[in-house]
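In: Sequence first, predicted model second:
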Amino acid sequence: MSAITISTVEATRRPRGWLSGWRLGVLVVALVVALPVLTVFGSFLQPATEAWQHLVQTSLRDYVVNSVLLMLGVAVGTLLLGVSTAWVSATCEFPGRRVFEWALLLPMAIPAYIIAYTYTGLLDFAGPVQTALRELFGWGYGDYWFPNIRSLPGAMVMLSLVLYPYVYLLARAAFLEQSVCVLEVSRTLGATPMHTFLRVALPMARPAIVAGLLLALMETLADYGTVQFFGVNTFTTGIFRTWFGLGDPVAAAQLSALLMSFVFVLILLERWSRRQARYHETGARMKSLPRHRLEGWRMAVGLAVCIMPLALGFLLPAGQLLASAVRTAGHMLDADFLRITVNSLALAGSAALVTLLVGLFMAYGKRLHSDRLVQGAVRVAGTGYAIPGTVIAIGVMIPFAWLDNTVDAWMRARFDFSTGLLLSGTLVALLFAYMVRFLAVALQTVEAGLAKIRPSMDEAARALGLGPLDVLKKVHVPMLRGSLVTAMLLVFVDVLKELPATLVLRPFNFNTLAVRTYELASDERLADAASASLMIVLAGIIPVILLSQSLSRTRIRYE
Amino acid sequence: MALHKRGLWLAVVLGIGVLTGPAQAAEEVNLYSARKEELIKPLLDKFTAKTGIKVNLVTGKEDALLERLKSEGRNSPADLLLTSDAGRLHRAQEAGVLAPVDSATLKKLVPAHYRDPQGLWFGLSVRARPIAYVTQRVHANELSTYEALAERKWKGRVCIRSSDNIYNQSLVASMIAHRGVAATETWAKGFVANFARPPVGGDRDQVLAAAAGQCDVVIVNTYYLAAMLNDKNPAQREAAQKLAVFWPNQKDRGAHVNVSGIGLTAAARHRDHGVKLIEYLAGDEAQAWYAEINHEYPIRPSIPASKTLAAMGKFKADTLNLHQLGQYNAEAVKLMDRAGWK
């Protein structure tokens, strides 16, 4: 019963022509996708401006320290919340388990800046909680201690609450797919349930957990709304301060490039720690784990583990939004609102589809040709997720406008005919920006799915005469259905929430829910913003529920 | 499956058609606006009703819009750029994306110190940033100037938002313009030492914190305070009512003001319509609307301010040429960094 093989050699080594179609295709697509990122990196070619001297002398240290601490805090938070809820909901039986399975994903539908706004409203010095305490005990300012929500720890908590679902989602899928045999062997060899979890289940689920964590951390690095609102100076706020405040786009782009190097360090650390070990389950006789029925105090603990993140990450903020929305819906809900909602859904849907196709293409290309160049290209293409949306937007804008203007100039010179801007300022540019920004989500999810398919499958199919494309269509796609749906829905929800790139790149007279929310909230009209943000949450819930259904379906197919 | 696939392709093709097909109408003008849709669209609709010229709108942050304008170059569809502060207008001017407008009407409508001498941009509304104090704990005669807020007696009693904010950057830029970098930096260090808390939140948050007892004086834009006084939410109203406005520096340069403004782009293809829109926005109807709806000061004294603003009293405004706010902006940010103003 060899259930796991840990192969330390390249599993899919298959020498093929240097210029095979797939390889070339992946490289070209990666280059195009990486264009905005490279545009930003290109800033390093320009000489450092005097802004750098100023940054080094004053605030750069703050930016680095705060960003690193924020990432550490969010890592701890998302791992604690994500892995515990995943393990409990995947292996235990307790009242409400079926509801928790999907409900635990709900916080994902709440944009980080929205949860930050709502908690600030509740917990700030002037908010209802502290005001009530002061009235109750007759305290004044300075008479008592209360945690300051608008602080670095506050930002860690906010981001952890909305980002843990990435870890939960991928960890849970991994736990569910673990062969019961392995875990039973561990038990018969005398390991306690806790030991089995720590020594067997957790290491086996590690690639999935790390993939989820990486997504959460990249999103953390790119966050602007929350840290800006909380007055925490991170790399992102530094980029905008340098760009807008100091008026130095070159130094700002160089800061962004530095931010990206953070991501590469993260990826390298993860790979180094794994030392290229790969985990494939080879047990063909899959049988789902009999759930461990929780009773008494264990049930209470299990329930608490699931209720806490759900209540804090979703019920409380969504409830508050609902309360505000009810008050303001009268004048906020109009015909425009419907159109904005449709815009948001259509945009998110098309972006999800495009991103998924590109992600699948690249992930599979990487499986076919896992040489360094392809690997590197795919990695670079996936870094967009850690870059603030505005920076991506500028990275998209510059090459697109250059292309448009070059074509226009050529056409004018040749045919005395102006083509104007063909792509800039259209939804095509916006969709491309989304794809660049969220490709990592699709890539990570699809790659995690592909990694679980044994390379011998490919080999068998190829030996039977199928071409690479046929293998993808006939073997992988059907087996990957769960991962593909997951990838698509994750991108969908992300695009619904996306703000900065949408704001800069959208065409004339085109609004989305996120734009509406932002415009009202940044005008400090939080109550009026509630309807639109609640709609983002509602629209995000639908895919989340679909997601959970697709997850349980994948499970059934194995049984 | 086959049917599915065909449907998918159809959707993709249709999608591309919808995505790329620009709506072209001759009677139109295209506007990039840093003023939020809620605060500009009603006026644009009125303009359309009056003239039949359709206004196409993209809203966003001014720096990003400016970046878009720059990268689009001479093919940019934008005819007008509207920003909510003079510093950004100056930046757009420096970037060479604005074109001069020579309009006798505009010269008459916009006072000289609220527009660019060459007609590259025109102010549309005036925003003041005075001191507000909690009436229960502070007496107006304790206050005098922005500079005096650096005195030791205000230790732990001042709330103000982050130096990331353009209004603070403009305020400090105006002080640099008047008093030089060294004096302003000394002031900033003393001022920051008086903060009751590290800067968080927007202007409204400072008012709320002061009302709740966390600090005694704040620096706030008048339209935020006015909006709070007229808010449907009683908590906001009650908080704002605990504060009163103090107009600083009345014996010398006057209180700090900034303008929202607009400029015609160099790439504009609807020049005449663009100028018409600027003239409309500077005209009486639009000016009265700004005053009433967003509690901003009209650019001409002949138009009355809103009741709430009028109740805050008349004041002497700083007449510094506004392009200097843009000129000293970067210097102001660096200075605030050095002073530890987060």
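Out: Okay, I see it.
In: So which residues of the stretch 51-200 of chain B form strands?
Out: Applying DSSP state E, counting those that start in this stretch to the stretch 51-200 of chain B gives strands spanning B:54-59, B:80-83, B:98-99, B:122-128, B:131-134, B:158-159.
In: Okay, now the unreliable bits of the stretch 451-559 of chain A?
Out: Low-confidence segments of the stretch 451-559 of chain A (pLDDT under 70): A:524, A:548, A:550-559.
In: Any residues of it in contact with chain B? List them.
Out: Residues of the stretch 451-559 of chain A lying close to chain B by CB under 8 Å from any CB of the partner chain are A:500, A:503-511, A:515-516, A:519-520, A:522-524, A:527. For glycine as for every other residue, the C-beta is placed from the backbone atoms N, C-alpha and C.
In: Could you pull up the mean pLDDT of whichever strand or helix holds A:Thr220?
Out: Secondary structure from DSSP states H and E places A:Thr220 in helix A:202-222. The average pLDDT within helix A:202-222 is 86.
In: tell me which residues in that helix are buried?
Out: A:202, A:204-222 (16 or more other CB atoms under 10 Å in any protein chain shown).
In: now stretch B:76-85
Out: B:76-85.
In: and that stretch, anywhere near chain A?
Out: Yes - if you take CB under 8 Å from any CB as the test, stretch B:76-85 does meet chain A, through B:76-77.
In: just the buried residues of stretch B:76-85 now: which is nearest A:Leu534?
Out: B:Ser84 (27.4 Å; CB to CB).
In: The closest one contacts B:Glu62, correct?
Out: Yes - the criterion here is CB atoms under 8 Å, and B:Ser84 meets it with B:Glu62 at 7.0 Å.
In: The residue in the stretch 451-559 of chain A that chain B sits nearest to: neighbouring residues, count only.
Out: Across the stretch 451-559 of chain A, the shortest distance to chain B (CB to the nearest CB) belongs to A:Phe508, at 3.7 Å. For A:Phe508, the neighbour count with other CB atoms under 10 Å in any protein chain shown is 17.
In: Kindly state the beta-bridge partners for the closest residue to it other than its chain neighbours.
Out: Excluding its sequence neighbours, the residue lying closest to A:Phe508 (CB to CB, 6 or more residues apart in numbering or on different chains) is B:Asn56, at 3.7 Å. Counting by DSSP bridges, B:Asn56 forms beta bridges with B:Asn30.
In: returning to what we had before: if I look at B:Ser84 and B:Glu62, which residues touch both of them?
Out: Both B:Ser84 and B:Glu62 are contacted by B:Ala34, under the criterion CB atoms under 8 Å, 6 or more residues apart in numbering or on different chains.
In: Can you check the pLDDT for B:Gly7?
Out: The score at B:Gly7 is 57. That number is its pLDDT.
In: again, but for B:Thr48
Out: As predicted, B:Thr48 sits at a pLDDT of 95.
In: next one: A:Val9
Out: Taking A:Val9 on its own, its pLDDT is 39.
In: Mind checking if the lengthiest strand in chain B is in reach of chain A?
Out: Looking across chain B with DSSP state E, the single longest strand is strand B:257-265. No - Strand B:257-265 stays out of contact with chain A when judged by CB under 8 Å from any CB, the minimum separation being 13.3 Å.
In: What's the local residue count around B:Gln241?
Out: The burial count for B:Gln241: 12, using other CB under 10 Å.
In: could you flag which of the residues of the stretch 451-559 of chain A next to chain B are buried?
Out: Neighbour-count burial (16+ other CB under 10 Å) applied to these gives A:500, A:503-508, A:510-511, A:515-516, A:519-520, A:522-524, A:527.
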